[in-house]
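In: Sequence and predicted structure below; questions after.
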Amino acid sequence: MLILAIESSCDEFSVSVMENGIIKSNIISSQIKDHIIHGGVVPELASRLHTKNFPFVLIDAINESGIKIEDVDYIAYTNNPGLIGSLIIGRLVANTIGYYYKIPTIPLNHMEGHIYSANIEEKFTYPVLSLVVSGGHTQIQFIKKPLKFDIIGSTIDDAIGECFDKVARVLGLPYPGGPEIDKRAKLGRDDAYIFPKMKIIDKFNYSFSGLKTASINLIRKAMSNNSLEINDFCASFQKSAIDYLLEGFENAINYFKPKTISLAGGVSANNFLRNRIFSIGTKYNIFKILVPNLKYCTDNAAMIAELCNEYIKKEFKT
């Protein structure tokens with residue numbers, strides 16, 4: 001079975017080919033260099049660049065996989081959530097190819113795709129508790145059985161990735177801020193700056209706006225008297241944010257008793273978080289701890305192909 005998958009929810013346009021459950025190609029066209037001068041993603045620019053770049057991404061993915069497009073059995077694409085203009089481009093590409101070659105198209109959810117990115121190279125043992133962390137989302141999802149998604153916790157304001165980006169901007173670090181903070185944190189002391197204790201809301205929900213505001217105030221105060229040690233600040237801020245993130249996740253582990261815990265989303269590439277998730281697994285005697293390969297952490301079509309494959313398997317079983 002051949003699946004052609006398209007992901008275009010934000011500023012990456014990606015095409016992947018999966019053959020019998022194996023990823024044969026996963027091409028990603030990133031727009032970071034085009035948006036960095038604006039300090040964040042400009043939606044209209046993102047959709048325009050998708051229109052310009054998608055033919056090259058599509059051709060590269062097909063060539064690398066060695067398939068013929070007319071042999072594809074299903075075309076999967078990200079339908080939601082995401083930037084409306086970017087999603088429309090991906091949907092138009094998928095439906096145009098599907099119409100021309102008479103291939104069925106399958107619209108899929110971006111967040112579900114991120115969750116199943118951890119299932120590409122090693123498979124879930126259910127039930128699964130997934131920590132979904134990105135620039136736009138912070139969620140704890142419980143997957144009791146394949147494709148049975150239940151959001152049991154989320155942020156009521158800023159996502160953790162958004163918080164990282166905003167703090168990085170005030171520090172004068174380039175966009176995207178998360179990787180820059182992670183890189184500098186390795187060189188600093190994580191106890192150099194003290195942040196207010198944040199409270200988990202209703203056991204599993206978060207609020208990152210307080211940490212963001214406190215961080216910005218600390219930065220401005222330190223800058224005013226030339227006392228800011230940027231590496232120490234990054235290390236301290238990162239530890240505070242991830243300690244808080246994992247407090248809610250541990251609450252969920254205690255309540256739901258999963259057999260697998262996993263990370264998903266762009267922030268799952270954070271080294272400190274990846275190390276901590278394994279420590280938590282050991283603490284709770286959970287032996288299946290799945291983190292996506294770094295190439296599958298950011299937005300990519302391979303995760304959409306994997307999700308599509310799961311839905312097709314479910315349909316055949318029923």
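Out: Yes, it's here.

In: Where does the prediction get shaky in the stretch 51-200 of the chain?
Out: Along the stretch 51-200 of the chain, no part satisfies pLDDT under 70.

In: go on, the stretch 201-318 of the chain?
Out: Residue ranges of the stretch 201-318 of the chain with pLDDT under 70: 317-318.

In: again, 90 this time
Out: Applying pLDDT under 90 to the stretch 201-318 of the chain picks out residues 314-318.

In: Could I get the phi/psi values of the residue nearest the centre of the chain?
Out: Centroid check for the chain by C-alpha atoms, centre = their mean gives residue 265 as the closest residue, at 1.5 Å. Dihedral pair for residue 265: phi 100, psi 170, per degrees, to the nearest 10.

In: cool, residue 140 as well?
Out: Main-chain torsions, residue 140, degrees, to the nearest 10: phi -110, psi 120.

In: What segments of the protein are helices?
Out: For the chain, applying DSSP state H gives helices covering 32-35, 43-65, 84-101, 110-117, 160-171, 177-185, 209-224, 230-256, 271-283, 301-317.

In: list the helices and strands the fifth one packs on?
Out: Think helix 160-171. helix 177-185, helix 209-224, helix 230-256 (3 or more C-beta pairs under 8 Å, 6 or more residues apart in numbering; DSSP states H and E). For glycine as for every other residue, the C-beta is placed from the backbone atoms N, C-alpha and C.

In: residues in contact with that helix?
Out: 39-40, 133-138, 158, 174-178, 180-181, 206, 208, 211-212, 215-216, 219-220, 230, 233-234, 237-238, 241, 245, 265-267 (C-beta atoms under 8 Å, 6 or more residues apart in numbering).

In: again with the shortest one
Out: Under the contact criterion C-beta under 8 Å, 6+ apart, helix 32-35 has outside partners 11, 41-42, 45-46, 49, 175-176.

In: that older thread, show me the residues around the residue nearest to the centre of the chain that make contact.
Out: Each residue near residue 265 by C-beta under 8 Å, 6+ apart is listed here: 114, 132-134, 137, 161, 297.

In: and residue 3, which of the helices of the chain is closest to it?
Out: Of all the helices of the chain, helix 301-317 sits nearest to residue 3, with 4.9 Å by C-beta to C-beta.

In: can you count the residues close to the closest residue to residue 189 other than its chain neighbours?
Out: Nearest non-adjacent residue to residue 189, counting by C-beta to C-beta, 6 or more residues apart in numbering: residue 232, 4.9 Å away. Close neighbours of residue 232, defined as other C-beta atoms under 10 Å, add up to 19.

In: where's residue 232 relative to residue 171, distance?
Out: According to C-beta to C-beta, to the nearest Å, residue 232 and residue 171 sit 12 Å apart.

In: Same question for residue 292.
Out: For residue 292, the distance to residue 171 - C-beta to C-beta - is 27 Å.

In: Out of these two, name the residue with the larger neighbour count.
Out: Neighbours per residue (other C-beta under 10 Å) separate residue 292 from residue 171, with residue 292 holding more: 27 against 20.

In: Enumerate every residue touching that one.
Out: 117-118, 120, 262-264, 268, 303.

In: Also residue 53?
Out: 13, 29.

In: do the one 3 residues further on as well
Out: Under the criterion of C-beta under 8 Å, 6+ apart, the contact list for residue 56 reads residue 29.

In: same thing with residue 107?
Out: 76-80, 91.

In: ok, 10 Å please
Out: Counting by C-beta atoms under 10 Å, 6 or more residues apart in numbering, residue 107 touches 76-80, 87, 90-91, 94-95.
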